[in-house]
Every structure is written in C-alpha cells, then in structure tokens.
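Engineer: Show me how the following folds:
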Amino acid sequence: MSLSAPCPSPALSSSRAERGAAARGPAVRGPAAQVAQTCDVDEQAALLQGWNQRYEQLSAGSFEGRVTSLHLGPIQAWREFSSQALHQTGALRAGQLAIGLPSSIPGNTMFCNRSCSEGHAIVFSGDGPFEFVSPGGLEIIDFVVDQGSLDPYLTACEREQLQAQLAQPHLRPVSAHERWRLPILLSDMQQCLADTTPDTLPPQQLDEMASDVLAAIAAVLRDGVGSEADEQLSYQRRAHIVSMARERVVATGADGSLTVEDLCQALAVSRRALQYSFQEVLGISPQSYLRAVRLNGARRAIKQGSSVSDAALAWGFWHFGRFAQEYKALFAELPSHTCKRYR
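Structural biologist: A predicted model of the protein is given here:
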C-alpha cells in the first residue's frame, strides 16, 4: 500500500524487524557504504544515483565535493558536501520519496522558489521536478525510500492528510528533535559498518536498522499533523486512553514489537491524542514508554542468561553502544554489569 492508495487499518501482527525486513528486501546481505571525493560538479551529481540530477556551479573558485553513501536495500542515504554555491535541478524516480536535512545554512538557500531555513526539512516527493539553490559550504544528508514502505509507520489518518502534501516537492517545518534524529541514525549506521564487515551483520540487526530509519522519516513527515480536537480531551478520557494502551502492551507479549502506530490503530485515537494523554498522565511520551518497556525486557533477558548483544537485538536495539547508553540512563548501570551480577 502506498500513501496514495486507500488506507484501511493495518494488521497489528508485524514486528519492527519484519517491517524493516520488508523495506530492506530479502536479497540484501548487508549495507554498502562508500566515500567519494570530487573536484567537478558533474561528477558530484552523478554520485547521487537515481536522482536524474544536474548541477550548475554559481560561485567562483575550484570545486571540492564529498559524498558519503550508504545503501540498505532500497533505503539510500547520503551525506553530501559542496564547497561552491550550486543550482540543482532533477527529479526522483516514480514512487520514491526523499528527505533532505542541511547540517547548517551557511548562506542563501532556496528550494522550489521558497527560502529554506534550519527549521525546515526538504521533501523531494511527487512526480514534479525540483529546483534547489544551495550556498557554498553546505553539508546535507538525504534519505531516499520507496514511498509505500512508510505506510506501516503512519496511521490511516496521517496518510490521508499527507497524500495531497506529498504530491509535490516542498519545504516542511520540523521540530529540533526530529531534525536531528536522522543525522544521528546515519552516524550510528556508519559506526556499525566501521566496527565490522557488512556481510557479518545479523539480518535482524539490519531489519531493526531499516525499521528505525523508516520510523524517523515518517516522524519528519507527520511532525505537526493533527487536529485541535486532540487538545480538548478531558483528563478522564486521557487516563482511559493510557490505561487501554498499557493493557495492549501487556497483551502483545514479550518481543517489544508494538509501535505507537499500532496503539493508535488499536485504540482508534490520533497520534497527537495519544501523545497528550501519555504526557499528562505518565509524564512521558508514548514512544519513551514503549522504549522503557523494551529496555526492561532486555534487562530481564540478561538476568535470565541471554548475552547482552542477544538481549539487545531481541528487543529491537541494533546499535549496541547506544543501547548501553540508554540502558545505563534508565537503570544506573551498564548491561554488562547486570550480566555479571546474575551469572
């Protein structure tokens, strides 16, 4: 199902890893990463495969460019640097969508005749061409996915609201939290590849990686989507929503696969209503609550004899260093210390 198709409620049986596997594709054994240096704008444009892109240099001086690319099945990611101001034109393949996030805005930046600021995400979508004027010294990350692969990470209501918005390339306001989530993910993915060879990464680790990328892209797209009615719920109604959500989490069982999207569909509430309810009743977001459930599950698995890495993967944590940080933040000890105490 794509964002342009009718939007019935999805089944709640697929796990995070299964959703990531569906996006990653069965033929991919591991992500491939490359770093390329260029001294010509045409060489730089050619490195972004599938964009049908053309660069024109606007500022004077020799050109220096760099593209770090990472492919995880149909998910493609780039970190691109250009030393000179450029006029970029192009179009994505049909059915694809890309999110661009500049690290900073060092000068005049225009996208499709609109001024771009650091509070914007650049959305390359729809069938129309795009036009991008970028300043010298710009570094930007781009993630490209098949648009339909985002469906499991959006509610039916969100897909309906986004359908018209994604018909054309555009700038999208984005919160600081969501703005930095994708760059951090890209850095974590690159670190995983630096620590090991791609073909030795377990398939489940790759699937969780893909799932986190798709969830982060969906979060950028839906940032700000909602209605004012979500803010008018009484405390009793919000407490009831939280109670039903916790019952759903318990009933799902011990794999941590339940997502915020699943809760919204199961409880027939919007994401914003769920967010406000958890924040008022428990003082945390539903995403933080589900992450705490997964961390607690991993802790129990370690106490019962699982290795730290097996427990992390079983509960959806593919970056072991970040898992250790989040584990320590919640439990005031590293997972390795828990492991030693219960052996």
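Engineer: what separates the most centrally placed residue in the chain from Y342, distance-wise?
Structural biologist: With distances taken as CA atoms, centre = their mean, A216 lies nearest the centre of the chain, 2.0 Å away. With the distance defined as CB to CB, to the nearest Å, A216 ends up 33 Å from Y342. (C-beta placed from N, C-alpha, C; glycine too.)
Engineer: swap in Q190?
Structural biologist: Separation of Q190 from Y342 (CB to CB) stands at 33 Å.
Engineer: same deal with P135?
Structural biologist: According to CB to CB, P135 stands 55 Å off from Y342.
Engineer: Just the buried residues of the host helix or strand of L162, please?
Structural biologist: Applying DSSP states H and E as the criterion places L162 in helix 156-165. By neighbour count, and taking 16 or more other CB atoms under 10 Å as the criterion, the buried residues in helix 156-165 are 156-159, 161-162.
Engineer: Out of the residues you listed, the closest to E43 would be?
Structural biologist: Taking CB to CB as the measure, E43 sits nearest to L162 out of those, at 35.0 Å.
Engineer: okay, now the nearest residue to P202 once chain neighbours are set aside: neighbour count?
Structural biologist: With CB to CB, 6 or more residues apart in numbering as the criterion, P202 has its nearest non-adjacent residue at 6.6 Å, and that residue is L313. By the measure other CB atoms under 10 Å, the count of residues near L313 is 21.
Engineer: Tell me which helix or strand comes right after the helix or strand hosting L313.
Structural biologist: Secondary-structure element containing L313, defined by DSSP H and E: helix 308-314. Scanning forward in sequence from helix 308-314 by DSSP H and E, the next helix or strand is helix 320-331.
Engineer: for whatever helix or strand comes next after that next one, packing partners?
Structural biologist: Under the assignment DSSP H and E, the closest C-terminal helix or strand after helix 320-331 is helix 335-341. Judged by 3 or more CB pairs under 8 Å, 6 or more residues apart in numbering; DSSP states H and E, the packing partners of helix 335-341 are helix 286-303, helix 308-314, helix 320-331.
Engineer: which residue ranges form the strands in the stretch 101-250 of the chain?
Structural biologist: When assigned using DSSP state E, counting those that start in this stretch, the strands of the stretch 101-250 of the chain occupy the ranges 110-111, 114-115, 120-124, 130-134, 138-146, 170-173.
Engineer: ranking those strands by burial, who's on top?
Structural biologist: strand 120-124 (a mean of 23; mean count of other CB atoms under 10 Å).
Engineer: any idea of the mean pLDDT for that one?
Structural biologist: Mean pLDDT, taken over the full extent of strand 120-124, equals 95.
Engineer: Cool, thanks, talk later.
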